[in-house]
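**Q** Here is my input, please return the structure:
(one chain, ligands or ions: 1)
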Amino acid sequence: MMASFLRQTYGQRIHNHNNPAAKLLLETMERKKTNLAVSVDVTKSKDFLAIIDAVGPFVCLIKTHVDIIEDFDQLLIKQLQDFSVKHDFVIFEDRKFADIGNTVALQYSSGVHKIASWSHITNAHPVPGPSIISGLSSIGLPLGRGLLLLTEMSTKGTLAVGSYTEEAVRMARAHRDFVIGFIAQRSMQGIGIQADTVDGDDFLVLTPGVGLDAKGDSMGQQYRTPRQVILESGCDVIIVGRGIYGKDPSFVDGIRVQAKRYMEAGWEAYQERVSSQA
Ligand code: S5P
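**A** As a prediction, this is how the structure comes out:
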């Protein structure tokens, strides 16, 4: 049976969560009236910071891939954190952990990037089984961090379907303190449980593969619109990368215009969802 989270506002859903990162994200969405996350996939610190400063007012969350930045240093993290305070957004390092518990705990806490020390949210592939959650949780939970499991992907031919997706959602339900939601293409409510059971778990669904002007790229990415993602598929956050900064990361006026456009499209779809009676 479909639970009613889809018709609850982001503000109402804060009370369904205990994890501090989940609460922070929902509070930010409610306060700023945006369900837009921008994925800043550029290789130079200068472009990275310019994009974040430009889109900051329009987003609830900034998603990073810090391992692609060529001139990475700890100062960049300080600047990212300063922007997170200035513009009021949550930080999500899209690290996609996928190894045994001991290794992911080290990758999360240590190395060059020390992700757990600054990223409110990170994500993992469920492929190793529950031990990946316990490994990451041993580092992240004491710091108040949250984890998203990738239960589906936006790419053509993805293997994350069917029973893989179902088992991953079950894994998440067994680790509600640390797993706050999913990277997926639709709401995961009711997935992996019996049809006549009420699903009482409110998970956040953050969804990449969003574009208003393109259907995909030449490397298997597939795009849907904010309306398809938020209203028709019941996801909570749209994650947009190249749709916002295109091919020219230095054109900040254009980036601002696109960020506002995606923010409005995402929020309109959400408002339609929470006010619908169906
Ligand atoms: O299934 C997925 C999961 C992720 S996290 N598909 C994705 O595209 N992503 C990420 O979202 C990907 O790594 C990239 O950072 C972003 C999409 O970027 P865009 O430029 O295609 O919007």
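**Q** From now on I want contacts and neighbour counts done on CA atoms only, so please keep to that.
**A** Noted.
**Q** For the longest helix seen in the chain, list every residue counted as buried.
**A** Looking across the chain with DSSP state H, the single longest helix is helix 252-275. Buried residues in helix 252-275, counted by 16 or more other CA atoms under 10 Å: 252, 255-256, 258-260, 262-270, 273-274.
**Q** cool, stretch 169-176 as well?
**A** Neighbour counts over stretch 169-176 (16+ other CA under 10 Å) mark 169, 171-173, 176 as buried.
**Q** what's the answer for stretch 191-203, then?
**A** Buried residues in stretch 191-203, counted by 16+ other CA under 10 Å: 191-192, 199, 201-203.
**Q** Also stretch 246-253?
**A** Those would be 249, 252, for stretch 246-253 by 16+ other CA under 10 Å.
**Q** Could you count how many residues lie near L149?
**A** Neighbourhood size, L149 [other CA atoms under 10 Å]: 26.
**Q** What backbone torsions are found at the residue most central in space within the chain?
**A** Geometric centre of the chain, nearest residue: L206, 4.1 Å, by CA atoms, centre = their mean. With angles defined as degrees, to the nearest 10, L206 sits at phi -110, psi 130.
**Q** With W118 instead?
**A** Dihedral angles (degrees, to the nearest 10) for W118: phi -130, psi -20.
**Q** go on, F97?
**A** Main-chain dihedrals, F97, degrees, to the nearest 10: phi -60, psi 150.
**Q** so what's the residue in the stretch 1-150 of the chain that the ligand sits nearest to up against?
**A** Residue nearest to the ligand within the stretch 1-150 of the chain (CA to the nearest ligand atom): S39, separated by 5.4 Å. Contacts for S39 (CA atoms under 8 Å, 6 or more residues apart in numbering) come out as 62-64, 239-241.
**Q** Show the buried residues in those residues.
**A** Neighbour counting by 16+ other CA under 10 Å classes 62-64, 239-241 among these as buried.
**Q** re the thing from before, is there proximity between the longest helix of the chain and the ligand?
**A** No - judged by CA under 6 Å from any ligand atom, helix 252-275 makes no contact with the ligand; its nearest approach is 11.6 Å.
**Q** you'd agree the residue nearest to the centre of the chain is up against V237?
**A** Yes - assessed by CA atoms under 8 Å, L206 is found in contact with V237 at 4.6 Å.
**Q** re the thing from before, from the buried residues of stretch 169-176, which ones fall inside helices?
**A** Residues of these located in helices (DSSP H): 169, 171-173.
**Q** out of those, which one sits closest to K46?
**A** Using CA to CA, A172 comes nearest to K46 of these, at 36.9 Å.
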